[in-house]
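Novice: sequence-free structure coming up:
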């Protein structure tokens with residue numbers, strides 16, 4: 001998903017939709033995992049663990065995936081929630097078939113849902129496409145649609161990881177990317193009233209290595225060199 005301003009959906013992601021998978025193709029990325037689903041699975045494993053840690057009963061909760069793209073994460077994890085929905089500025093990205101409801105955002109910093117209408121929001125690799133003041137506007141919208149005390153999880157590329165920076169720099173989909181550190185993401189959430197609960201770094205090891213020594217990566221979660229990070233926060237009660 002791309003957000004260059006706060007006026008209208010970004011046309012480049014409509015153009016990317018039909019060839020999105022091939023545009024993500026990168027030799028280093030391909031050596032890390034045999035297919036892109038690995039990255040979605042890793043995100044879901046981490047999200048699931050964080051939600052359980054903070055006592056969320058997913059089976060009774062409504063989940064919104066902001067910037068859902070083609071809905072891969074929804075397809076992977078949506079059945080665990082009472083309701084799972086997604087939204088994205090790009091109509092073409094949303095045109096893929098999905099078992100879950102996906103809505104087009106009316107503008108880049110507006111979410112097409114009512115106040116306090118969901119219990120959990122994810123924004124996965126969204127914010128590095130959001131520039132300037134639009135980041136605060138989008139975060140305010142996430143807070144608006146969350147129930148009091150609801151949870152938000154931001155997952156982003158880690159700019160402290162040189163491999164991540166190299167892959168992003170070469171990727172056509174990330175031509176407008178402005179990576180943000182975990183500290184920046186934390187400040188953004190706090191500035192809009194959220195309470196930061198947990199920060200974890202992940203994607204240290206290639207898929208084959210991770211499958212053998214998964215617990216080791218958990219021990220590294222506080223070291224800021226993983227390929228990505230996840231930040232969980234709570235909306236004001």
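Specialist: Happy to help now that I have it. Model, not experiment: these values are computed from the prediction.

Novice: low-confidence bits of the protein, can you list those?
Specialist: The model of the chain has pLDDT under 70 over residues 1-31, 97.

Novice: remind me, longest strand of it?
Specialist: strand 146-157 (DSSP state E).

Novice: check which element follows that strand along the chain.
Specialist: helix 162-170 (DSSP states H and E).

Novice: by contact count, what packs against the helix or strand where residue 102 lies?
Specialist: Of the helices and strands defined by DSSP H and E, residue 102 is found in strand 101-104. For strand 101-104, the packing partners by 3 or more Cβ pairs under 8 Å, 6 or more residues apart in numbering; DSSP states H and E come out as strand 83-88. Using the backbone N, CA and C atoms, a C-beta is placed for each residue, glycine as well.

Novice: quick one: distance of the longest strand of the chain to the chain centre.
Specialist: 10 Å (Cα atoms, centre = their mean, to the nearest Å).

Novice: over to stretch 106-121?
Specialist: Centroid separation for stretch 106-121 versus its chain: 15 Å, with Cα atoms, centre = their mean.

Novice: thinking again about what came up before, angle of the longest strand of the chain against helix 162-170?
Specialist: On the basis of axes from the mean of the first three to the mean of the last three Cα atoms, to 10 degrees, strand 146-157 is oriented at 90 degrees to helix 162-170.

Novice: identify each buried residue in strand 146-157, please.
Specialist: Buried residues in strand 146-157, defined by neighbour count with 16 or more other Cβ atoms under 10 Å: 146-147, 150-157.

Novice: in three-state terms, label residue 123 for me.
Specialist: Secondary structure, DSSP: H, G, I helix; E, B strand; the rest coil: residue 123 is strand.

Novice: tell me if I am right that residue 128 is in a strand.
Specialist: No: assignment of residue 128 by three-state DSSP gives helix, placing it outside any strand.

Novice: which residue ranges form the helices in this protein?
Specialist: Ranges of helices within the chain are 11-16, 20-23, 27-32, 37-53, 72-77, 134-145, 162-170, 182-191, 207-219, based on DSSP state H.

Novice: which residues touch residue 123?
Specialist: Counting by Cβ atoms under 8 Å, 6 or more residues apart in numbering, residue 123 touches 66-67, 138, 142, 152-155.

Novice: thanks a lot, see you next time.
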